[in-house]
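>>> model this:
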Amino acid sequence: MKMPCRSALALPILLAAPALAQDAPPLLHPMFQDHGVLQRDRAIAVWGDAPAGESVQVNLGDKRLTARADKDGHWRAEFPPMPAGGPYALSATTQSGRNQRAEDLLVGDVWLCSGQSNMEYPVSGVLGAAGEIGKANDPEMRLLTVEKKTSLTPERHFPTPVQWQPATPQNVRDFSAACYFMARDLRASQKVPIGLIDATWGGTAIDAWRPETALAQDPTAREDLALLRIYRRDPAAASRRFGDRWMAWYRGKSGDAAGGEPWQATAPGDWAPLPSFDPWEKWGIADLAQYNGMLWYRTEVTLTPAQAAKGATLALGPADDMDASFVNGVPVGVTYAWGVPRLYPLAPSTLEPGKNWIAVGVLDTWGEGGLLGTADQRAIRFADGTSVPLAGPQGWRWRRAPASIGDPPHAPWEAIAGFSGIYNAMIAPIGPYGLRGAAWYQGEANAGSPDGYAEKLASMMAAWRGQFDSPNLPFLIAQLSSWGPRVPRPIESGFAQIRDEQRQAVAADAHAALAVTIDLGDVVDIHPANKQDVGHRLARGAEALTYGGKASPSGPWPVEARRDGTAIRIRFIGADQGLVAYSASEPIGFELCGTAGGSCRFVTARLAGTDVLIDPGTGPADRVRFCWGDSPICNLYDGTGLPATPFELLVR
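Numbers count the residues shown, from 1 in each chain. So this is what the prediction gives:
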């Protein structure tokens, strides 16, 4: 099972209910404020809120328009395209005299940078951070960071305020490094103002960033979408239904008929006294010192008949990473978010007079794991304000789940692995704001279930283009870097499959480019510190897609693999200044495979101009793979120093 890429910058939160409407929505949408950047060379949409039917006069520089608020109190005006320049002032005034003004607006290029923690990774963590931060003074580069939030429905406004800020050492320090370094290159080459929107969240799966309109077109999402719609109106009913699915999954995966239902009071097995509510790596148990997997915790609490009849919530401390919690064998909640205390409302009749059993399955996928927190965070809390504390460690027991468990089902309302919640609160509020393009760095969190990632990425790009009213909006996709142990033989790899799915999505999209980063990774750190080169490669893709650059956007790119006499020939394009093999006379990292998994073998290859020839030897040769694995060693580059993308192709 592959683990998600987790951010150390901020703790995830549970999926929130839709934000309450503000008493007085801003006349200008929060995207329009001091120090902002507007997209050049395309119509400039400006919008906001005013009383229904009221007219709004909107001024941008010396241009003036009039709009009228619709029945929902929303207005929009659209200015003609403007060239790069500024500063300008933007103002909106209602007929009743209300006014709002934004100063120091520039017109230039706006880039949205999004994804999980390798895009979130800040400038303060990169190689040579002190020097990079110290020279980060550019009054014509502007930064906006969207705070991590989720919502069950698309939001018109950000749940927490956003602010445009000039690029200064103080403002750049915590900003996305890959985004910043990309923009720094574009500022140097294009010499226009640049606006950057950082909407990132570590550990997040792609479905959390796809709008519901995209998910509705995905047949694999149909069941969970229906469950999410139930959750919106009846969370307890949806949780119970999902809990039934989770229990069926566990029974099937546990491979242990006798202990396959550890949430039951009568569950057999070797239950040991709980050492503490610290991470289990700190219990002093050798088998758990580096353990990534699932443990079960359980305890009991005695209630009076009056207490059992009350409305109640099960309160637990935070769990790292995922928990599935049960009361008297009834599923009451499943959450995938670390550092967040669990609060699960209990349906009527869940509690019983006398003894009640509580069981919590905790799955850890990376770093420390366990049921954590302080004693006051663990209790049965009643609707009347009273509570019954749960026992301390001495009253809890634990046991290990079978190693065969793997990755559990995810509830569609989860914050970081559910459906649309992050899109709703972090992308939807940006509205149709004009963009030059988007840079996307994500995929680690999907490496445990990589099938279909290319289709998910394609649908996300299409949906975002629809929101931003730009059907050809360029997307720059940062491919996953290497991370994990080296191996001496071919292996199957979720990371490798995600890389290839990213390649496939870009190959099918004339307005996307791939930034290959396989050589920029770190085998022991999922967050490599060389984000400068990631930024350089993203900028190169941007220049090729949007600015008329002549260089290949991605480096050597495989087109086909076909039999050529006794050899297999792989044809490449995009190899500026030809193909080269670093530190060897031949390229390495090529594999030939049969149709079945586990049939791959390393093979010898040689350069032939812009092609690579492989000697198939003996054995099946239905597929060819290159640079496959978590942290493969590969030496095929072009003459400009860009690595060839990892890939898998059918041999024709």
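>>> Quick one: residues contacting the closest residue to Glu352 other than its chain neighbours.
Nearest residue to Glu352 in three dimensions, chain neighbours excluded: Ala308, at 5.5 Å (Cβ to Cβ, 6 or more residues apart in numbering). For the C-beta atoms, the positions are set from N, CA and C on the backbone; glycine is no exception. If you count contacts by Cβ atoms under 8 Å, 6 or more residues apart in numbering, Ala308 has them with Leu351, Glu352, Pro353, Asn356.
>>> Strands of the stretch 51-200 of the chain, start to end?
With strands called from DSSP state E, counting those that start in this stretch, the stretch 51-200 of the chain shows them at 55-60, 63-68, 74-79, 85-94, 99-115, 138-145, 164-167, 194-200.
>>> Out of the ones you listed, which gets nearest to Ala542?
Closest to Ala542 of those is strand 99-115 (Cβ to Cβ; 7.7 Å).
>>> got the CA positions of the closest one in CSV?
Output in CSV follows, covering the C-alpha atoms of strand 99-115 (Å, rounded to 0.1, in the frame of the first residue of the first chain):
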residue,chain,number,x,y,z
ASN,A,99,-18.6,51.9,-2.5
GLN,A,100,-15.6,49.6,-2.5
ARG,A,101,-12.2,50.3,-4.0
ALA,A,102,-9.1,48.2,-4.8
GLU,A,103,-5.8,50.0,-5.5
ASP,A,104,-2.5,49.1,-7.1
LEU,A,105,-3.9,46.5,-9.5
LEU,A,106,-1.6,45.3,-12.2
VAL,A,107,-2.5,43.7,-15.5
GLY,A,108,-0.3,40.7,-16.5
ASP,A,109,-0.4,36.9,-16.2
VAL,A,110,-2.1,35.0,-13.5
TRP,A,111,-1.2,31.4,-12.7
LEU,A,112,-3.1,29.0,-10.3
CYS,A,113,-0.8,26.6,-8.5
SER,A,114,-2.5,23.6,-6.9
GLY,A,115,-2.0,20.1,-5.7
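>>> so that strand versus strand 194-200, what angle?
60 degrees (axes from the mean of the first three to the mean of the last three Cα atoms, to 10 degrees).
>>> For the stretch 151-300 of the chain, give me the ranges with low pLDDT.
255-259 (pLDDT under 70).
>>> List the contacts of Gln190.
Asp109, Tyr547.
>>> can you offset everything so residue one is 510?
Renumbered: residue one is now 510, and that last one reads Gln699.
>>> quick one: pLDDT of Leu880?
Leu880 carries a pLDDT value of 96.
>>> Could you check how far it is from Phe1081?
51 Å (Cβ to Cβ, to the nearest Å).
>>> Neighbour count for those two, which is higher?
Leu880 (26 against 21; other Cβ atoms under 10 Å).
>>> any idea where the helices of this structure begin and end?
626-629, 638-643, 678-681, 686-699, 721-724, 731-742, 744-763, 814-817, 930-931, 962-976, 1003-1016, 1040-1055 (DSSP state H).
>>> send the alpha carbons of the longest one over as PDB?
Listed in PDB are the C-alpha atoms of helix 744-763, where the atom choice follows Å, rounded to 0.1, in the frame of the first residue of the first chain:
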ATOM      1  CA  PRO A 744     -25.200  12.300   8.000                       C
ATOM      2  CA  ALA A 745     -26.100   9.600  10.500                       C
ATOM      3  CA  ALA A 746     -27.800   7.500   7.900                       C
ATOM      4  CA  ALA A 747     -25.000   7.900   5.400                       C
ATOM      5  CA  SER A 748     -22.400   7.100   8.000                       C
ATOM      6  CA  ARG A 749     -24.200   3.900   9.000                       C
ATOM      7  CA  ARG A 750     -24.500   2.900   5.300                       C
ATOM      8  CA  PHE A 751     -20.800   3.500   4.700                       C
ATOM      9  CA  GLY A 752     -19.900   1.700   7.900                       C
ATOM     10  CA  ASP A 753     -21.700  -1.400   6.600                       C
ATOM     11  CA  ARG A 754     -19.500  -1.200   3.500                       C
ATOM     12  CA  TRP A 755     -16.400  -0.700   5.600                       C
ATOM     13  CA  MET A 756     -17.200  -3.700   7.700                       C
ATOM     14  CA  ALA A 757     -17.700  -5.900   4.700                       C
ATOM     15  CA  TRP A 758     -14.400  -4.700   3.300                       C
ATOM     16  CA  TYR A 759     -12.600  -5.600   6.500                       C
ATOM     17  CA  ARG A 760     -14.200  -9.000   6.800                       C
ATOM     18  CA  GLY A 761     -13.100  -9.800   3.300                       C
ATOM     19  CA  LYS A 762      -9.500  -8.500   3.800                       C
ATOM     20  CA  SER A 763      -8.800  -9.700   7.300                       C
END
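>>> closest to Ser913 out of the helices of the chain?
helix 744-763 (5.8 Å).
>>> the inter-axis angle of that closest one versus helix 731-742?
Using the same axes, to 10 degrees, helix 744-763 lies at 140 degrees relative to helix 731-742.
>>> Can you list the neighbours in contact with helix 744-763?
736-737, 739-740, 769-770, 772, 833, 835, 839-843, 853-854, 856, 870, 910-911, 913-915, 917-918, 920, 922.
>>> center of the protein - which residue?
Thr713 (3.3 Å; Cα atoms, centre = their mean).
>>> show me the contacts for that residue.
Pro513, Gly624, Gln625, Ile925, Ala926, Ile931, Gln951, Ala954.
>>> Also Pro1096?
Neighbours of Pro1096 in contact, by Cβ under 8 Å, 6+ apart: Leu1088, Ala1090, Ala1114, Arg1115, Leu1116, Val1121, Cys1143, Asn1144, Leu1145.
>>> Could you dump the strands of the stretch 560-709 of the chain into TSV with mean neighbour count and distance to Thr1149 added?
TSV is the format used below for the strands of the stretch 560-709 of the chain (neighbours: other Cβ atoms under 10 Å; distance: least, Cβ to Cβ, whole Å):
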stretch	mean neighbour count	distance to Thr1149
strand 564-569	20	42
strand 572-577	14	44
strand 583-588	18	40
strand 594-603	18	33
strand 608-624	22	23
strand 647-654	21	26
strand 673-676	20	28
strand 703-709	26	24
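>>> so which of those strands comes closest to Gln988?
Nearest of the strands of the stretch 560-709 of the chain (Cβ to Cβ): strand 608-624, 11.7 Å.
>>> tell me the angle of that closest one relative to strand 564-569?
70 degrees.
>>> can you tell me the average pLDDT over strand 608-624?
98.
>>> Stretch 1014-1024 too?
On average, stretch 1014-1024 scores 98.
>>> How about residues contacting that stretch?
962-964, 966-967, 970, 981-988, 1011-1012, 1043, 1046-1047, 1049-1051, 1053-1054, 1062-1063, 1066, 1154.
>>> picking that back up, which of the contacts of Thr713 lies closest to Ala798?
Pro513 (21.4 Å).
>>> average pLDDT across stretch 1064-1073?
97.
>>> Ile931 contacts Arg719, correct?
No: if you go by Cβ atoms under 8 Å, Ile931 and Arg719 don't touch, sitting 9.4 Å apart.
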